[in-house]
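[1] Structural data only, the sequence is not supplied:
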Ligand SMILES: CC(C)(COP(=O)(O)OP(=O)(O)OC[C@H]1O[C@@H](n2cnc3c(N)ncnc32)[C@H](O)[C@@H]1OP(=O)(O)O)[C@@H](O)C(=O)NCCC(=O)NCCSC(=O)C[C@@H](O)CCCCCCCCCCCCC(=O)O
């Protein structure tokens, strides 16, 4: 909807009204069409201002209304009518002007923004392009290179940058609508000939073809199979090479392909999933809407290894006071230097002062006495962690939330070491913690909703995609990684190479294949986990029994690699070889290939030809199957939680929407059928045995992913 009033005698003020972000729903578009007509036909009105209610101009087209049948007036003619008006129309931009919101503003003759406003064309992140004329007007206004940057990345710019680029005409620190009305009064009656962006010639950069070729190459490389960034480049090229109306036709054509694509569905699903995970709930029924967080102004980090350093940086960058504890003096000094230089580099990039003085370093745990929250990040050793938790319980002020960053240990066992287990939760960061967006917030049976709410609130403040999960081995992310990597090891035994498996996964869209990823993370991490689970015992590496553990198929290949001291990039070799320890360029390793041949010969295995489809089906479906078990066990509340974890923490291609969404796109019946097929071929691999929730979903007609929670709820109520 839109409201119309007349202000200062001659200015028609149109206010978009569609909380919370004034998205351009059918009703809002109808409102704009009607109110613009009213303003233009009122002889007393000499100029018009368009603004949004509640401090936000407009979050763009209403994504919830996207579908095969769209009602209401279309955006393009609506914006054209504004641009063609014979009275000046001024956009008063507060909060955000994004997507269709900015396109609407670009149709206005002038744009006034509040200094805190953010502007952008983020359609590409939803699998779309700015198809309400944005891809044609923006390059005409700010030039091709700047428009390409904004449209292909979808990044939001500040009002200051928008002014510098020429997107807005004025920035104000005061009331934006008042400033826009004043501006509208000052331009009333002036000629608008030079203010209609669609009539501008598109500035022609030198070497146009070379520029587009270079950008297209860059975009294709980073898009990893995503269609929208490529279409965005094509649309901007149309702006640079065609008259406006033809460019608009091209924009429409490209949008038609994207709009109905699976990729757009996946990306829009992830947009809503990211928000849905914020509405967390524990099995007790307590959740985001019933639990109040404790304020956290001062936090402590215990243990300043790589993880602790990253967490310290992230907390300081969030504006918190941080007490950083490390008992070893040498490590403390090393960590202080590393944290300071990371903060300095980050601050330089952002043009701000580094928040070095927010951190105090100490070797003495007594220094945490007055903090509101502690994050323990010491070595993954239960004995050591228990000792730390006992000390924390004695030192911290009452009510301090105690968090562990463990990725593999039982956080409930740790909680049992404290007199207040309700204050204990897991905050599982991903390395490097100041860069990676994912945070798993882990609750145990005794964690209080308030402690969970506090960790979630802190995660939000830190800009993390924070997901509440239950306590189990590996939580959600690492638990699903187990069957995924297990299948990859089996594929090596059966004839694949790390290169083949990685190529299949990277062509699917993963930022890195499994073997390149493990070389980066360090192979010793998984080796330690397998050892502590009693799997990677040193055994006679030959014969049938070497490939069976606890009665099931097991591949000792990764353990044997580790026994050679090949821990990945840091040692200069792992699944690949590197020029020197720490170098990042993975090269195919003849040693590894002959090791695999010898291994197969020793175990009487005959290599067969394995194609990409089998790699994907076995690795991904085994992982997805575990995802269904996680849902069945109630460790994740819904498929959105799993998908957000995989997209933000494990390099799952965003345009495929996360593993559970992907399963729904492939078809649950097909996933079930392939799992049954592979389980029949490998009956000694329990991860391939289809989970009963998957069977139940298929039996209930494979409902769409947003309806799985109903089936899960029913399942739990029957248990
Ligand atoms: C705006 C934000 C920055 C605000 O952030 P904040 O943190 O304050 O709040 P939240 O993010 O939590 O959001 C609050 C709440 O609002 C919901 N929401 C946000 N934005 C939208 C939206 N655009 N639509 C609907 N709902 C929205 C959000 O989900 C939250 O609710 P929830 O219940 O989930 O908690 C931030 O929200 C943000 O970044 N928003 C998204 C901004 C964005 O990406 N905008 C672009 C939208 S796409 C667009 O504008 C497209 C246009 O360019 C062109 C459209 C043309 C359409 C033409 C269609 C014809 C296609 C032809 C096909 C032909 C096919 C055929 O031939 O058949």
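    Thanks, I have the structure now. Being a predicted model, the structure only gives us computed values, none of them experimental. Residues are numbered from 1 along each chain as shown.
[2] how about residue 489, what does it touch?
    555, 557-558 (C-beta atoms under 8 Å, 6 or more residues apart in numbering). The way it works is simple: take the backbone N, C-alpha and C, and place the C-beta from them, glycine included.
[3] which of those come close to the ligand?
    Checked against the ligand using C-beta under 6 Å from any ligand atom, those yield no neighbours at all.
[4] wait, doesn't residue 338 sit right on residue 308?
    No. Using C-beta atoms under 8 Å, residue 338 and residue 308 do not qualify as a contacting pair, with a distance of 10.3 Å.
[5] Nearest residue to the residue in the chain that the ligand sits nearest to in space, please, no chain neighbours.
    For the chain, the residue closest to the ligand is residue 99, as judged by C-beta to the nearest ligand atom, at 2.4 Å. Counting by C-beta to C-beta, 6 or more residues apart in numbering, the nearest residue to residue 99 once its immediate chain neighbours are dropped is residue 60, at 2.7 Å.
[6] ditto for residue 12
    Setting aside the residues directly before and after it, residue 12 is nearest to residue 39 in space (C-beta to C-beta, 6+ apart), at 3.2 Å.
[7] neighbours around that neighbour, how many?
    Residues within reach of residue 39, counting by other C-beta atoms under 10 Å, total 24.
[8] List the contacts of it.
    Residues in contact with residue 39, defined by C-beta under 8 Å, 6+ apart, are 4, 12, 14, 45, 48, 87.
[9] Just give me how far the host helix or strand of the second one sits from the chain centre.
    Taking DSSP states H and E as the definition, one finds residue 12 inside strand 11-16. Its chain's average C-alpha position is 36 Å from that of strand 11-16, according to C-alpha atoms, centre = their mean, to the nearest Å.
[10] still on that earlier bit, and residue 338 and residue 308? which has more neighbours close in?
    Between residue 338 and residue 308, counted using other C-beta under 10 Å, the more crowded position is residue 308 (25 against 16).
[11] for the stretch 1-150 of the chain, which spans come out with low pLDDT?
    Scanning the stretch 1-150 of the chain for pLDDT under 70 picks out nothing.
[12] And the strands in it?
    Remark: strands assigned in the stretch 1-150 of the chain by DSSP state E, counting those that start in this stretch are 2-7, 11-16, 47-52, 89-93, 96-98, 110-114, 118-120.
[13] how about residue 398, phi and psi?
    The main-chain torsion angles of residue 398 are listed as degrees, to the nearest 10 and equal phi -60, psi 140.
[14] May I see the buried residues of the helix or strand where residue 257 lies?
    Using DSSP H and E, residue 257 falls within helix 244-259. If you call a residue buried by 16 or more other C-beta atoms under 10 Å, then helix 244-259 has these buried ones: 244, 247-248, 250-251, 254-255, 258-259.
[15] so what does that helix touch, helix or strand wise?
    In terms of contact count using 3 or more C-beta pairs under 8 Å, 6 or more residues apart in numbering; DSSP states H and E, helix 244-259 is assigned the packing partners helix 134-142, helix 228-241.
[16] Just send the ones you listed back as a markdown table, with mean neighbour count and distance to the ligand too.
    Written out in a markdown table, the entries for those read as follows (neighbours: other C-beta atoms under 10 Å; distance: least, C-beta to the nearest ligand atom, whole Å):
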| stretch | mean neighbour count | distance to the ligand |
| --- | --- | --- |
| helix 134-142 | 26 | 6 |
| helix 228-241 | 24 | 11 |
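[17] From residue 110, how far out is the residue nearest to residue 12?
    Applying C-beta to C-beta, to the nearest Å, one obtains 15 Å for the distance of residue 39 from residue 110.
[18] again with residue 207
    According to C-beta to C-beta, residue 207 and residue 110 sit 33 Å apart.
[19] Next, count neighbours for residue 398.
    Using other C-beta under 10 Å, residue 398 has 6 neighbouring residues.
[20] hang on, the earlier thing: just among the contacts of residue 39, which is most surrounded?
    Ranked by the number of neighbours (other C-beta under 10 Å), these place residue 48 first, at 28 neighbours.
[21] Contacts only, for the residue minimising distance to the centre of the chain.
    Within the chain, the residue whose C-alpha comes closest to the C-alpha centroid is residue 648; the distance, by C-alpha atoms, centre = their mean, is 3.9 Å. Shown in contact with residue 648 (C-beta under 8 Å, 6+ apart): 436-438, 465.
[22] Beyond the helix or strand that it is a member of, next helix or strand please.
    With elements taken from DSSP H and E, the one containing residue 648 is helix 639-649. Per DSSP H and E, helix 639-649 leads on to helix 659-666 as the next helix or strand towards the C-terminus.
[23] what pLDDT does the residue lying closest to residue 506 once chain neighbours are set aside get?
    Closest residue in space to residue 506, ignoring its immediate chain neighbours: residue 513 at 5.1 Å, by C-beta to C-beta, 6+ apart. Residue-level confidence at residue 513 comes out at 97, pLDDT.
[24] Surely residue 513 touches residue 502?
    Yes. With contacts defined as C-beta under 8 Å, residue 513 counts as touching residue 502 at a distance of 2.4 Å.
[25] Report the contact partners of residue 324.
    The contact partners of residue 324, taken as C-beta under 8 Å, 6+ apart, are 300-301, 304, 308, 312, 335-336, 339, 359-362.
[26] So in that sheet, which strands flank the helix or strand hosting it, and in what orientation?
    According to DSSP H and E, residue 324 maps onto strand 321-325. Based on DSSP bridges, the pairing partners of strand 321-325 within the sheet are strand 298-302 (parallel), strand 359-362 (parallel).
[27] how near is the residue nearest to the centre of the chain to residue 513?
    Separation of residue 648 from residue 513 (C-beta to C-beta): 19 Å.
[28] go on, residue 315?
    For residue 315 relative to residue 513 (C-beta to C-beta), the value is 33 Å.
[29] which of the two has more neighbours?
    Ranked by neighbour count (other C-beta under 10 Å), residue 315 and residue 513 place residue 315 first, with 29 against 26.
[30] for the more buried one, what are its contacts?
    Neighbouring residues of residue 315 by C-beta under 8 Å, 6+ apart: 299, 301, 322, 375, 462.
[31] wait, is the fourth one part of a strand?
    Spelled out, that is residue 375. Yes. The secondary structure assignment for residue 375 places it in a strand, going by DSSP: H, G, I helix; E, B strand; the rest coil.
[32] which strand residues sit across from it in the sheet?
    Beta-bridge pairing of residue 375, defined through DSSP bridges, involves residue 301, residue 403.
[33] That one - how many residues pack around it?
    The number of residues near residue 375, taken as other C-beta under 10 Å, comes to 28.
[34] Can you verify my assumption that it contacts residue 312?
    No. The pair formed by residue 375 and residue 312 falls short of the contact definition of C-beta under 8 Å, at 9.0 Å.
[35] Overlap of the contact sets of these two?
    With C-beta under 8 Å, 6+ apart as the test, residue 375 and residue 312 both reach residue 301.
[36] Any stretches of the stretch 401-550 of the chain with poor pLDDT?
    Judged by pLDDT under 70, the stretch 401-550 of the chain has its weakly predicted residues at 538-544.
[37] could you pull out the strands for it?
    So, for the stretch 401-550 of the chain - with DSSP E, counting those that start in this stretch - the strands run 401-404, 424-429, 438-443, 465-470, 548-549.
[38] Thank you kindly, that will do.
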